[in-house]
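Enquirer: Below is the structure, and that's it, no one-letter string:
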């Protein structure tokens, strides 16, 4: 159990120091209410295990007040993009205003760019790696494409991935097929998959003498499946095959460090579960692998071993990157273990309720075993078109989800977040139960 006094002290120091710095002040507004040090102290006053806190609505009410979301709609597509808390939005405004008020490039490159180094060090420290292994990009797609396009391949070389990987990343290798004459090999995974060793065997069984790269998800975006990254990377490393890990849905969602995964390449979007500014991403490359990976945009030979060569894409809004620091502070304030537990608690609340419906028509494409899933869940109602169901949820109830139609299945993906309320989860469940009992409205 976490010490209440220790956590209060941590938050008091963190948010108090942030307020004193001005640029990183906590003071913000949500629903017309000012939030500041008293809010941080209130959050810190709750004790209990992550699982106990996950079900404590008084605690999560305090977290919800940090956001300015429109409560007339229910956003259950946080897997696409999450809103940022007010402290992140406020930091973005201040930093953009500073840049424009001073009107010179020195404000951008002389003041804000150096501040990125402090953020780089904090992010690296939180996820257990060296700051010289962390680059800031614009999203997971850019991070992963740096790896996909930056490794040398010859005609006939094979790259291996699943049929469930993100379409943009699959299309990146499809383009290399057309351009470079390589071969993309895809294989199917069980839905859901509830055996780590089976996952490793499936990847290993599709490796050939021509396999040069493996692309895999940490959490699969369409099903919420958690794959055993460390075991698959270890298997591939023995064979000399690099693994590119798509961590878009696991970073700041699951409680882990990159050091624990022992991977070489990892790409994420920070505007998902970290709640950083929209258009921010991160690329991790193990230090000894940096030199051998080409950047998407040209860098000098002197930068060959510098992680910053992957940030050489011209003028960018530095405010976005500096404000990542506020998102990290917010993430630390909640606590990674508490956050993961809450995400799984919300998923279980709607999923187990729907599975218990007497119609027996709800099929989950996501394992409810905590080893293989977390907050992202996908389900299907047998005999109901998922696209039409999505439209009914929005048109009739103002609940926003996405419908998926894959070659192996279709369904509705549901992704609440820490700003989501129990009322919203229950409203969603009631809307689905109405369809189960009465069918889709005409």
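Expert: Cool, got the structure. Quantities reported herein were computed from a predicted structural model and do not represent experimental measurements. Numbers count the residues shown, from 1 in each chain.
Enquirer: Going by C-alpha atoms from here, please, whenever you check contacts or count neighbours.
Expert: OK.
Enquirer: Run through the neighbouring helices and strands of the helix or strand hosting residue 435.
Expert: Under the assignment given by DSSP states H and E, the secondary-structure element containing residue 435 is helix 422-438. Secondary-structure packing of helix 422-438 (3 or more CA pairs under 8 Å, 6 or more residues apart in numbering; DSSP states H and E): helix 336-355.
Enquirer: relative to helix 422-438, how tilted is the helix it packs on?
Expert: Comparing the axes of helix 336-355 and helix 422-438 via axes from the mean of the first three to the mean of the last three CA atoms, to 10 degrees yields an angle of 20 degrees.
Enquirer: quick one: contacts of the following helix or strand past helix 336-355?
Expert: On the C-terminal side of helix 336-355, the closest following helix or strand by DSSP H and E is strand 362-364. Counting by CA atoms under 8 Å, 6 or more residues apart in numbering, the neighbours of strand 362-364 from elsewhere in the structure are 351, 354-355, 377-382.
Enquirer: Please check those residues and keep the buried ones.
Expert: Neighbour-count burial within those applies to 351, 354, 377-381; the criterion is 16 or more other CA atoms under 10 Å.
Enquirer: In JSON lines, list those along with pLDDT.
Expert: As requested, the buried ones among the contacts of strand 362-364 are exported to JSON lines (pLDDT from 0 to 100):
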{"residue": "351", "pLDDT": "98"}
{"residue": "354", "pLDDT": "98"}
{"residue": "377", "pLDDT": "98"}
{"residue": "378", "pLDDT": "98"}
{"residue": "379", "pLDDT": "98"}
{"residue": "380", "pLDDT": "97"}
{"residue": "381", "pLDDT": "97"}
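Enquirer: Farthest-apart pair in those, please.
Expert: Checking the buried ones among the contacts of strand 362-364 against each other with CA to CA, the farthest-apart pair comes out as 377 and 381, at 13.6 Å.
Enquirer: for the stretch 251-400 of the chain, what spans make up the strands?
Expert: With strands called from DSSP state E, counting those that start in this stretch, the stretch 251-400 of the chain shows them at 265-269, 281-285, 362-364, 377-381, 399-400.
Enquirer: Those strands: which one's closest to residue 331?
Expert: Put simply, out of the strands of the stretch 251-400 of the chain the one that sits nearest residue 331 is strand 265-269, at 14.8 Å, with distance taken as CA to CA.
Enquirer: Would you tell me which one of the strands of the stretch 251-400 of the chain is buried the most?
Expert: With neighbours defined as mean count of other CA atoms under 10 Å, the strands of the stretch 251-400 of the chain peak in mean count at strand 265-269, which reaches a mean of 28.
Enquirer: That one packs against which elements?
Expert: Partner elements for strand 265-269 (3+ CA pairs under 8 Å, 6+ apart): helix 140-150, strand 243-246, strand 281-285.
Enquirer: Return the list of helices and strands in contact with the longest one.
Expert: In this structure, helix 140-150 makes packing contacts with helix 167-180, strand 243-246, strand 265-269, strand 281-285, judged by 3+ CA pairs under 8 Å, 6+ apart.
Enquirer: can you give me how far it is from the chain middle?
Expert: Here the centre of mass of C-alpha atoms in helix 140-150, compared against the chain's by CA atoms, centre = their mean, to the nearest Å, lies 16 Å away.
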